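Engineer: make a model of this:
(one chain, ligands or ions: 1)
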Amino acid sequence: MTPPEKPSRRRHQSGGQRRSREPASRPTADPARVAAFDAVRAVSGEDAYANLVLPELLQSRRLNARDAAFATELTYGTLRFTGTYDVIIGANVDRPLGELDPPVLDALRLGAHQTLSMRVPPHAAVSTTVDLVRGQIGEGAARFANAVMRRVGERDLDAWTAELAPSREKDVVGHLAFRHGHPPWIVRALRDALPGGGDDALEACLAADNEPAPVALAVRPGRGEVEELVEAGAQPARWSRYGAILPSGDPGRIAAVRAGRAGVQDEGSQLVALALADAPLDGPDERWLDMCAGPGGKAALLAGLATERDARLLAVDQHEHRARLVEQALRGDSGEHEVLVADATDGPWPEADFDRVLLDAPCSGLGALRRRPEARWRRQPSDIAELRPLQTELLRAAVRSVRPGGLVAYVTCTPHLAETATVVDDVIRKSGELERIDARPYLSGVPDLGDGPDVQFWPHVHGTDAMYLALLRRR
Ligand SMILES: C[S@@+](CC[C@H](N)C(=O)[O-])C[C@H]1O[C@@H](n2cnc3c(N)ncnc32)[C@H](O)[C@@H]1O
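Structural biologist: I've put the predicted structure just below:
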């Protein structure tokens, strides 16, 4: 698009960056939009995490339920589609986006999301964005925002896609990346990891990343019952015998969660931990290890199951504060479990000491993009290469830690092949003492698990995070 005159507003023209999260002294916009603006500013200006900063803002400003829901959709959607909206905004200003005042750019992104993805009529998106910018930044910036927003609202997202994205026929990755708000490198990684289904499956997968994740709960075995969660308004999970899904509301209001008898945990996370516990084992089954345990979701589940079988869990994390969270998660379990702060690549335990080992490896988290709206733009392809040596080293340490005949579960919250099957293939090839086990029988009732032996969950297929599980036995 080559418009005759594009609005121009340089960084130095702004009325200054706002930098407190307190309400502005000139509140001309509604509280929901101001809260979303402040959340997006904290994310883009201070590297905050939206899932942490937004709930704080909503609570401190006492937004009612309707405004809180609007602010949440606006914040999360804006952050998910930042790359797409930047291309659209960039096509409608006469400067590189880097020269715009960052608060003005964030306000324009919020305005773009309202008009392009939230069914807010264009005139309302223009006027509320102008009000927001006037109240938060200044009059000059408001005039600029007015001009840009009018142009952005002239088309819907499909029309902007047709105009600005690569054509689907020539560059399906570039096209879907624009239309579904993902960086192209992530779209490629998902396409490589998807077992089949072609471009339609890829598109469904990307669309699922833009839907809010359900609030999944897990009771700690021996400490809580799913019925208790159901009585509090949750529905039993589809596959996890310890899981329940909360359709709405704050999980913190549920007594079992407040008391630590249950916790918030994705159903896929529950299932991979349960598969490790359920897979049969010859010989003793007394010593379990969780090598990367913080904050303790899987450790809590494993500890409860270990207690029921008179087994003991050693839960390890390298970071002190994460290990403290594991301790909290295990508090109330009557078993003799231990939490240790240590580097699990070189843990202070004897070789071949454990019967079952969980390695929930540090990873890119590309399987949980639904929950972390800004993560897709923060992550870089170089992160994957940087994580690989640690994942490999940890898996080798897991193999050393398990006894012959014992089981290792290698788990990630990413479907990126360079973090999943490739790491496992590499370690199996070099170790010569590992056999891959078909994990699917230990996920009974879960459909569409592919050809095995490893399992990859998908948000668009299973409604869970994209958890990966490889089950290995040491010969
Ligand atoms: C994916 S998270 C684990 C999530 C956890 N299993 C759960 O279900 O709550 C990975 C964890 O590995 C820890 N970690 C990273 N490198 C480690 C190392 N070398 N040794 C031990 N823990 C490590 C991180 O601190 C982080 O808490």
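Engineer: so which residue is dead centre in the chain?
Structural biologist: With distances taken as C-alpha atoms, centre = their mean, Ala368 lies nearest the centre of the chain, 2.7 Å away.
Engineer: name the nearest residue to it, sequence neighbours excluded.
Structural biologist: Among residues not flanking Ala368 along the chain, Asp465 sits closest, at 4.6 Å (C-beta to C-beta, 6 or more residues apart in numbering). In short, each C-beta sits where N, CA and C put it, glycine included.
Engineer: which SS class is the one you found?
Structural biologist: With DSSP: H, G, I helix; E, B strand; the rest coil as the basis, Asp465 sits in coil.
Engineer: quick check: next helix or strand after the lengthiest strand in the chain?
Structural biologist: In the chain, with assignment by DSSP state E, the single longest strand is strand 402-412. Using DSSP states H and E, the helix or strand that follows strand 402-412 towards the C-terminus is helix 421-431.
Engineer: how distant is that following helix from the center of its chain?
Structural biologist: Relative to its chain's centre, helix 421-431 lies at 26 Å (C-alpha atoms, centre = their mean, to the nearest Å).
Engineer: against which helices or strands is it packed?
Structural biologist: helix 381-401, strand 434-437, strand 468-474 (3 or more C-beta pairs under 8 Å, 6 or more residues apart in numbering; DSSP states H and E).
Engineer: between that helix and strand 468-474, how many degrees?
Structural biologist: 10 degrees (axes from the mean of the first three to the mean of the last three C-alpha atoms, to 10 degrees).
Engineer: check whether helix 421-431 contacts the ligand.
Structural biologist: No: applying C-beta under 6 Å from any ligand atom, one finds helix 421-431 separated from the ligand by no less than 13.9 Å.
Engineer: pLDDT weak spots in this protein?
Structural biologist: 1-6, 8-28 (pLDDT under 70).
Engineer: all strands of it, in order?
Structural biologist: 215-219, 235-236, 243-246, 262-264, 287-290, 312-317, 338-341, 354-360, 402-412, 434-437, 455-456, 468-474.
Engineer: JSON lines for these, including mean neighbour count and distance to Ser444?
Structural biologist: Compiled in JSON lines, the strands of the chain are given as follows (neighbours: other C-beta atoms under 10 Å; distance: least, C-beta to C-beta, whole Å):
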{"stretch": "strand 215-219", "mean neighbour count": "25", "distance to Ser444": "17"}
{"stretch": "strand 235-236", "mean neighbour count": "14", "distance to Ser444": "15"}
{"stretch": "strand 243-246", "mean neighbour count": "23", "distance to Ser444": "14"}
{"stretch": "strand 262-264", "mean neighbour count": "21", "distance to Ser444": "22"}
{"stretch": "strand 287-290", "mean neighbour count": "26", "distance to Ser444": "21"}
{"stretch": "strand 312-317", "mean neighbour count": "24", "distance to Ser444": "23"}
{"stretch": "strand 338-341", "mean neighbour count": "17", "distance to Ser444": "31"}
{"stretch": "strand 354-360", "mean neighbour count": "26", "distance to Ser444": "18"}
{"stretch": "strand 402-412", "mean neighbour count": "23", "distance to Ser444": "16"}
{"stretch": "strand 434-437", "mean neighbour count": "18", "distance to Ser444": "15"}
{"stretch": "strand 455-456", "mean neighbour count": "24", "distance to Ser444": "12"}
{"stretch": "strand 468-474", "mean neighbour count": "25", "distance to Ser444": "14"}
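Engineer: need those in a markdown table (columns: distance to the ligand).
Structural biologist: Listed next are the strands of the chain as a markdown table, based on distance: least, C-beta to the nearest ligand atom, whole Å:
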| stretch | distance to the ligand |
| --- | --- |
| strand 215-219 | 10 |
| strand 235-236 | 21 |
| strand 243-246 | 14 |
| strand 262-264 | 9 |
| strand 287-290 | 6 |
| strand 312-317 | 5 |
| strand 338-341 | 9 |
| strand 354-360 | 4 |
| strand 402-412 | 8 |
| strand 434-437 | 20 |
| strand 455-456 | 16 |
| strand 468-474 | 12 |
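Engineer: looking at those strands, which is nearest to Cys205?
Structural biologist: Smallest distance to Cys205 across the strands of the chain (C-beta to C-beta): 11.2 Å, for strand 455-456.
Engineer: now for the closest one, which elements pack on it?
Structural biologist: strand 468-474.
Engineer: try 10 Å this time
Structural biologist: helix 267-278, strand 468-474 (3 or more C-beta pairs under 10 Å, 6 or more residues apart in numbering; DSSP states H and E).
Engineer: between those, which gets nearest to Ala204?
Structural biologist: Comparing those by C-beta to C-beta, helix 267-278 comes nearest, at 16.8 Å.
Engineer: distance between that closest one and the chain's centre?
Structural biologist: That offset, for helix 267-278, works out to 18 Å (C-alpha atoms, centre = their mean).
Engineer: give me the buried positions along it.
Structural biologist: For helix 267-278, a neighbour-count test (16 or more other C-beta atoms under 10 Å) marks 267-277 as buried.
Engineer: and if you look at stretch 442-453?
Structural biologist: By neighbour count on 16+ other C-beta under 10 Å, the buried set for stretch 442-453 is 442-443, 446, 449, 453.
Engineer: max pairwise distance over the residues you listed: which two?
Structural biologist: Across the buried residues of stretch 442-453 (C-beta to C-beta), the longest gap, 14.6 Å, separates Val446 and Pro453.
Engineer: how about Pro326: what's its closest non-neighbour residue?
Structural biologist: One thing to correct before we go on: residue 326 is Val, not Pro. Leaving aside its chain neighbours, Val326 sits nearest to Gly296 (3.7 Å; criterion: C-beta to C-beta, 6+ apart).
Engineer: actually, Leu395.
Structural biologist: Using C-beta to C-beta, 6+ apart, the closest residue to Leu395 is Val427 (4.6 Å).
Engineer: same question, Asp451
Structural biologist: Pro195 (7.3 Å).
Engineer: measure the residue lying closest to Asp346 once chain neighbours are set aside to the ligand for me?
Structural biologist: Among residues not flanking Asp346 along the chain, Ala397 sits closest, at 7.0 Å (C-beta to C-beta, 6+ apart). As for Ala397, its distance to the ligand is 8 Å (criterion: C-beta to the nearest ligand atom, to the nearest Å).
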